[in-house]
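1. give me a model of this one.
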Amino acid sequence: MAGGLESPVDLQNAGDERLFVVEQRGVIRVIDGSGLRDEPFLDIQDRVFDLTNEQGLLGLAFHPEFATNGAFYVNYTRGTGDTIIARFVADPSETANANGEQTVLGYDQPFPNHNGGGMAFGPDGLLYIGSGDGGAAGDPEARAQNLDTLLGKLLRLDVDGADPYAIPPDNPFAGGGGRPEIWAYGLRNPWRFAFDSVTGDLFIGDVGQNQWEEIDYLPHGTAGGVNFGWDFREGPELFEGLTPPGLTEPVAVYSHAEGGCSVTGGVVVRDPTLPEWQGLYLYGDFCSGLIWGLYQDSAGAWQNRVLFQTGFQITSFGTGADGGVYVLDRAGGVFRLSRAG
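-> Numbering: from 1, shown residues only. This next block holds a predicted model:
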């Protein structure tokens, strides 16, 4: 669909034909019917810190009412290396004003890796944010299991309920016992998560330490407070300490011995031009370029298999408003999945 981008790491749509591609350096580009536009939709390079491979402008989410209110949200690391969730407003048909930033949420990042960065509005209209465990190796300060920090979590905010946000009353720690923004915890580095546009089910790609990569899953309607287990467990195996009861196991894993080293969470196929693939969850690996297909069969068992070898460094997947499925290559390409021939 397009080439020549600089380290594209996210792709979103705003409900029309346009595709918005996030470049890690701090720029959002637009692909439309004429190709890749020269003028950026947003340029915040002056405040984005991208010294390492895991920092920079990392995520984008359009408000469900973007067509009328022009609001969208970005996730980036600033000059200190800390995470900022910011709100901008744009004329829905024009570019955004980089000077119109409103900080919604900020939190410290003790190390330059494991920043998470993904964001999405759920079927409940609330903003979900994926945060990594703060970096280094082995979660040295056990942040993913610490309910007093936002690191290693899936956060859930009501950005319409107050300025800059309200806490949804059904968040698991809204009444105490942990940070009220937390929806789920025990994540190492959730690099891309997505809601199924039909069922509302949630899939998370959580990057492993050095042995296992995993896909986590929450059916629509699951209550908050789920613990995905890091750093007690890495994938299916013990990592550190004694495993407490009540952990939610991944629905799919692959080992580094099988190939690959860093999972990239994907999307559920709802492209009407690919009817045989409806409901299939696609995800990939950054290092190997492999893409898997995952689905739950009629007996409730998860089926998982390698489908493609792309040769890409897969940084992200995305969907268009028409359901089209896209794959991003760190080398600068955006590709659409289509029927052969």
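2. where do the strands of the stretch 101-250 of the chain begin and end?
-> Under the criterion DSSP state E, counting those that start in this stretch, strands of the stretch 101-250 of the chain are mapped to 102-107, 119-121, 127-130, 153-157, 182-185, 190-195, 202-206, 212-218, 226-227, 233-234, 237-238.
3. after the last one comes which helix or strand?
-> As assigned by DSSP states H and E, the chain's next helix or strand after strand 237-238 is strand 252-255.
4. ok so, going back, nearest to Gly320, of the strands of the stretch 101-250 of the chain?
-> Using Cβ to Cβ as the measure, strand 190-195 is the one of these that comes nearest Gly320, at 13.5 Å. Bear in mind the C-beta positions are built from the backbone N, C-alpha and C, glycine included.
5. dump the strands of the stretch 101-250 of the chain into CSV; add mean pLDDT as well.
-> Below are the strands of the stretch 101-250 of the chain laid out as CSV (pLDDT from 0 to 100):
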stretch, mean pLDDT
strand 102-107, 97
strand 119-121, 98
strand 127-130, 98
strand 153-157, 98
strand 182-185, 98
strand 190-195, 98
strand 202-206, 98
strand 212-218, 98
strand 226-227, 98
strand 233-234, 96
strand 237-238, 94
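6. so which of the ones you listed gets nearest Phe286?
-> Once the strands of the stretch 101-250 of the chain are compared by Cβ to Cβ, strand 190-195 is nearest, at 8.1 Å.
7. quick one: strands adjacent to that closest one?
-> Strand 190-195 pairs in its sheet with strand 202-206 (antiparallel), by DSSP bridges.
8. and the partner strand, how far out from the chain middle?
-> Mean C-alpha position of strand 202-206 versus that of the full chain (Cα atoms, centre = their mean, to the nearest Å) differs by 8 Å.
9. mind listing what's buried in that strand?
-> Across strand 202-206, burial judged by 16 or more other Cβ atoms under 10 Å covers 202-206.
10. let me know the secondary structure of Ala257.
-> Here Ala257 is helix, with the state taken from DSSP: H, G, I helix; E, B strand; the rest coil.
11. could you check the pLDDT of the closest residue to Pro244 other than its chain neighbours?
-> Spatial nearest neighbour of Pro244, chain neighbours left out: Phe232 (6.6 Å); criterion: Cβ to Cβ, 6 or more residues apart in numbering. We have a pLDDT of 96 for Phe232.
12. same thing with the one 4 residues further on?
-> pLDDT, the model's per-residue confidence, is 94 for Pro236.
13. so who does the nearest residue to Asp170 once chain neighbours are set aside touch?
-> The spatial neighbour of Asp170 that comes closest, neighbours along the chain excluded (Cβ to Cβ, 6+ apart), is Gly224 at 6.7 Å. Shown in contact with Gly224 (Cβ atoms under 8 Å, 6 or more residues apart in numbering): 156, 170-172, 182-184.
14. just the buried residues from those, in ChimeraX please.
-> To isolate the buried members of the contacts of Gly224 in ChimeraX, using 16+ other Cβ under 10 Å:
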select :156,171,172,182,183,184
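15. save the contacts of Gly224 as CSV, and put in distance to Arg47 too.
-> As requested, those are arranged in CSV below (distance: Cβ to Cβ, whole Å):
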residue, distance to Arg47
Arg156, 26
Asp170, 34
Asn171, 29
Pro172, 33
Ile182, 27
Trp183, 27
Ala184, 29
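16. on that earlier part again, quick one: contacts for the residue nearest to Pro244?
-> 145, 186, 238-244, 247.
17. with Gln24 instead?
-> So Gln24 contacts 6-9, 50, 56-58 (Cβ under 8 Å, 6+ apart).
18. which of the residues you listed fall within strands?
-> Under the assignment DSSP state E, the contacts of Gln24 contribute 8-9, 57-58 to strands.
19. tell me the one of these nearest Arg29?
-> Pro8 (8.0 Å).
20. quick one: the closest one and Gly332 touch, right?
-> Yes. Pro8 is in contact with Gly332 according to Cβ atoms under 8 Å; the separation is 6.7 Å.
21. fine by me, we can end here.
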